[in-house]
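Engineer: Whatever this is, show me its structure:
(one chain, ligands or ions: 1)
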Amino acid sequence: MTTTPAPAPTEPTSAHETAAHKIWDAVVVGGGVAGLAAALMLGRARRRVLVLDAGAPRNRFTTHMHGVLGRDGTSPARLLADGRDEVASYGGAVRPAEVVDATADERSVTVTTSDGDTHRARHLVVATGLRDELPAVEGLARFWGRGVAHCPYCDGYEARDQRLVVLGTGPASIGQAQLIRQWSDRLTYVVHDAPAPTGEELAALEARGIGVERGRAVRADTTLGPDGERLAALVLDDGRPLDVDAVFTAPAPRPGDDLLLRLGAERASAGAGPGGPLPGQVPVDMLGRTTVPRVWAAGNVVAAYANVPVAIAAGTMAGAGVNHALVEEEVAAAVAARAATVAG
Ligand SMILES: Cc1cc2nc3c(=O)[nH]c(=O)nc-3n(C[C@H](O)[C@H](O)[C@H](O)COP(=O)(O)OP(=O)(O)OC[C@H]3O[C@@H](n4cnc5c(N)ncnc54)[C@H](O)[C@@H]3O)c2cc1C
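Structural biologist: I've put the predicted structure just below:
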């Protein structure tokens, strides 16, 4: 198939916005991988799309990402820079801005930035990610993304066979310890904030050679390595240092869903079960449609489990979903206009 050259990036001017195109086809809030993937689909569908991004993607703490087919080992910043260029190459606009408010009426959604600018769109995609709330252990946060991690598929291989700790934060932490054992047999489970293991759980940990510390970690100690300061030990509440190369833990995910809640969406209750919406997160359908008309969401803001490829997939679906919804509106408008002409 022959391809025509992509149009030059068209950063719409305010005149452009206020004259022929008073309203964007879609505004995407959040220019991480989910938001940019949505914008790429919309740009390629010849839609006028604006991405507003505060510039703090969740994985900004790390220099390399893994488990991303075709880009394994790439820096997250590089991937986003490439994504912004791709969106721009189809005429999409990507601007640095923090959106602080959003309102919707029957025909459009309007967002307001912290600078007081407003942007009106036919549809809104919220792709604002989440914030990881780490366990309160002195010095731990400074190693987030470089020695302290949550996802073994992202960082497990690089920590293989090393001295690892799983730092408990909740009922799922025992399962995390059994999972991390896949990458190293030099593993200790520190109960910390998690419930005390049952006899059965202790037996299963022991059966796989996983050490157990029933106390809490109080401090992360560091040492100076060839690449600068690195994590050296977790100090336990009885004062013993536990030598460690890497810590895995499960931070509390805090979804950045304020805009969705302001627009009338609600988080699913803790009772939501398997196959249903995820507890504590705003439910979306497989295209990313929320219960609020014209409002879509994709990526970590509605799916804490989504890694980079999964967030890209969700943004891709949302972008296509918005375009389909726009086409449906245009069909209805054309049919109504034609009927009016015939009647007139
Ligand atoms: C330390 C660490 C390492 C990781 N490593 C990997 C890895 O190796 N492989 C992998 O697949 N995944 C990895 N992940 C997961 C990865 O970070 C997420 O899957 C991915 O960032 C989700 O993309 P997203 O677009 O949903 O959210 P984000 O990437 O967080 O993007 C959200 C964007 O929205 C912006 N935003 C938020 N609120 C507003 C607002 N009000 N107005 C405007 N903009 C706003 C933010 O500034 C940000 O730029 C890692 C995560 C962490 C924490």
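Engineer: now the strands: where do they sit in the stretch 201-344 of the chain?
Structural biologist: 211-213, 217-225, 228-236, 241-243, 246-249, 252-255, 295-297 (DSSP state E, counting those that start in this stretch).
Engineer: How many neighbouring residues does residue 277 have?
Structural biologist: 17 (other Cβ atoms under 10 Å). C-beta here means a position set from N, CA and C on the backbone, and glycine is covered the same way.
Engineer: Could you check the pLDDT of it?
Structural biologist: The model reports residue 277 with a pLDDT of 73.
Engineer: Do I have it right that it meets residue 268?
Structural biologist: Yes: checked against Cβ atoms under 8 Å, the pair residue 277 and residue 268 is within contact range at 3.6 Å.
Engineer: List the buried residues in stretch 252-270.
Structural biologist: 253, 255, 256, 257, 259, 260, 263, 265, 267, 268 (16 or more other Cβ atoms under 10 Å).
Engineer: restrict those residues to contacts with the ligand.
Structural biologist: residue 256 (Cβ under 6 Å from any ligand atom).
Engineer: Report the two of the buried residues of stretch 252-270 separated the most.
Structural biologist: Using Cβ to Cβ, those span at most 20.6 Å, a distance reached by 253 and 263.
Engineer: Return every residue with contacts to both of residue 277 and residue 268.
Structural biologist: residue 283 (Cβ atoms under 8 Å, 6 or more residues apart in numbering).
Engineer: Neighbours of the residue in the stretch 51-200 of the chain that the ligand sits nearest to, how many?
Structural biologist: At 2.5 Å from the ligand, residue 129 is the closest residue in the stretch 51-200 of the chain, using Cβ to the nearest ligand atom. Residues within reach of residue 129, counting by other Cβ under 10 Å, total 25.
Engineer: wouldn't it be in contact with residue 57 here?
Structural biologist: Yes: contact criterion Cβ under 8 Å: residue 129 and residue 57 qualify, at 6.6 Å.
Engineer: Now for these two: what residues contact both?
Structural biologist: With Cβ under 8 Å, 6+ apart, residue 129 and residue 57 have common neighbours residue 32.
Engineer: hmm, back to that, from residue 23, how far out is the residue nearest to the residue of the stretch 51-200 of the chain closest to the ligand when sequence neighbours are not counted?
Structural biologist: The spatially closest residue to residue 129, leaving aside those adjacent along the chain, is residue 300, at 4.5 Å (Cβ to Cβ, 6 or more residues apart in numbering). Noted for residue 300: a distance of 28 Å to residue 23, by Cβ to Cβ, to the nearest Å.
Engineer: Comparing those two, which residue is more hemmed in?
Structural biologist: residue 300 (30 against 15).
Engineer: Kindly state the pLDDT recorded for the more buried one?
Structural biologist: 98.
Engineer: which helices and strands does the helix ranked longest in the chain pack with?
Structural biologist: Selection of the longest helix in the chain by residue count, based on DSSP state H, yields helix 308-343. Helix 308-343 sits against strand 24-29, helix 33-44, strand 118-126, strand 295-297, with contacts defined as 3 or more Cβ pairs under 8 Å, 6 or more residues apart in numbering; DSSP states H and E.
Engineer: So for the last one, mean pLDDT?
Structural biologist: I take that to be strand 295-297. Here the average pLDDT along strand 295-297 is 98.
Engineer: does any part of it sit near the ligand?
Structural biologist: No: Strand 295-297 is not in contact with the ligand by Cβ under 6 Å from any ligand atom; minimum separation 9.4 Å.
Engineer: what sits up against that strand?
Structural biologist: So strand 295-297 is in contact with 38, 104, 109, 123-127, 257, 260, 263, 265, 282, 284, 287-290, 318, 321-322, going by Cβ under 8 Å, 6+ apart.
Engineer: I figured residue 215 was touching residue 234, is that so?
Structural biologist: No: here residue 215 does not reach residue 234: they are 10.6 Å apart, not a contact under Cβ under 8 Å.
Engineer: No further queries at this time; thank you.
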